[in-house]
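S.K.: how does the following fold in three dimensions:
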Amino acid sequence: MTGAETVANQAAHLLDAGAVEAAVRLVSDAARRGDPHALNELALWHVYGSPLRRDFGLARLFFGRAGEAGHKAAAITHAVFVALGAGAEPDWRAALGLLRAAADRDPLAARQLAIIDGMDIDENGRPLSLPAITQRAMSPDVQQFRALLSSDECAHVMALAEPLLIPSIVIDSRTGRQSPNPVRTSFGAVLGPIQQDLVVHALNLRIAAATRTNIDHGEPLVVLRYRPGQQYREHHDGLPGEQNQRHRTMIAYLNDGYGGGETTFAAAGLAIRGSVGDAISFANTFPDGRIDERSRHAGQPVQYGSKWICTRWIRMRNFDPWGLRTPSLR
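M.R.: A predicted model of the protein is given here:
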């Protein structure tokens, strides 16, 4: 463990003990000395709004300084903040320049850059072309896209998510509480603003274009892994009592080599098992925001192998992805 990492751990212990001022002073002093982990910690504090105020401009500044001081993950996060427009206007070209600079000293950044350089995108990171839409059902509205993601992009998303996997949860329709439930037995990871990279941001831009929605309406990308016997029983993606409802869902299939696991829509008599990179999009609501119960669906039990998918839930209006340290897997 490095000295800077020790400072961050010491600060965490002080915060747990309620010694907030001492924790802030400890990390701030280390940051002034140029410790990259302390600079990164200050950035995270300003993202989460605790123990310091939420300030994306300062977070962006400290991520940049941490990256310059040698914190590789902070350099990538700094690029993401520039692309997202956290603390300033979105600037894909500047973000890509930051990633190119990081790639000179970080193999992970170099791999991300290689994937992005293979994308058919414009100067703002948006796709120049999309696969044709196949209308699989009208009631509910279910669309399918062949090869929306490349095999390299799928492999990257799985590798990024795998260390973050935790048991999936559901939200109780009566209480609104999150908890594990036999209805859903997968493992999942949320690739929020801190966990994602520029590859994921470009994929979110592609999903927004494919669904003809605003990227700011989408929740963070969620990656799910199902092993033999695991499933997601019939459910609806809508949330109880939510005013800014999940209007649409996009699911992309990330791998092959498994049996079972079809996505089924009982109301439409559909059973879909996409190839690597294929995706489906379906409406969860009517145009007025009311839940469309016909879009209830299920992820059938996996018979062998592991099934990987990623999901992006798209709200009716802007969604704030910054509020929670561990965003919901529901």
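
S.K.: so where's this structure uncertain?
M.R.: 1-5, 169-184, 323-330 (pLDDT under 70).

S.K.: tell me the domain ranges of it?
M.R.: 3-117, 133-315 (automatic domain parsing).

S.K.: just the helices in the chain please.
M.R.: Remark: helices assigned in the chain by DSSP state H are 3-16, 20-32, 36-48, 56-68, 72-84, 92-103, 107-117, 151-161, 198-211.

S.K.: could I get the domains of the chain as TSV with distance to residue 127?
M.R.: (Each C-beta comes from the backbone N, C-alpha and C, glycine too.) Below are these laid out as TSV (distance: least, C-beta to C-beta, whole Å):
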stretch	distance to residue 127
domain 3-117	12
domain 133-315	5
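
S.K.: tabulate these (a markdown table), appending mean neighbour count and distance to residue 321.
M.R.: Converted to a markdown table, these look like this (neighbours: other C-beta atoms under 10 Å; distance: least, C-beta to C-beta, whole Å):
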| stretch | mean neighbour count | distance to residue 321 |
| --- | --- | --- |
| domain 3-117 | 19 | 9 |
| domain 133-315 | 18 | 5 |
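
S.K.: among the helices of the chain, which is nearest residue 256?
M.R.: Of all the helices of the chain, it is helix 151-161 that lies closest to residue 256, at 9.5 Å by C-beta to C-beta.

S.K.: distance between the ends of stretch 236-256?
M.R.: Terminal residues of stretch 236-256 are spaced 25 Å apart (C-alpha to C-alpha, to the nearest Å).

S.K.: and it, how far out from the chain middle?
M.R.: 13 Å (C-alpha atoms, centre = their mean, to the nearest Å).

S.K.: what distance do you get for residue 49 to residue 58?
M.R.: Distance, residue 49 to residue 58, by C-beta to C-beta, to the nearest Å: 11 Å.

S.K.: between the domains of the chain, which gets nearest to residue 126?
M.R.: It's domain 133-315; of the domains of the chain, that one is closest to residue 126 (C-beta to C-beta) at 5.2 Å.

S.K.: how far does that closest one stretch from start to finish?
M.R.: 21 Å.

S.K.: try stretch 290-308
M.R.: Note: stretch 290-308 ends 30 Å apart using C-alpha to C-alpha.

S.K.: then stretch 98-107?
M.R.: Start-to-end span of stretch 98-107 (C-alpha to C-alpha) is 14 Å.

S.K.: and the contacts of that stretch?
M.R.: For stretch 98-107, the external contacting residues (C-beta atoms under 8 Å, 6 or more residues apart in numbering) are 67, 72, 75-76, 78-79, 82, 109-110, 112-113, 116, 198.

S.K.: what would those residues look like in CSV with distance to residue 300?
M.R.: Listed next are the contacts of stretch 98-107 as CSV, based on distance: C-beta to C-beta, whole Å:
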residue, distance to residue 300
67, 44
72, 40
75, 41
76, 36
78, 41
79, 39
82, 41
109, 38
110, 39
112, 33
113, 38
116, 34
198, 34
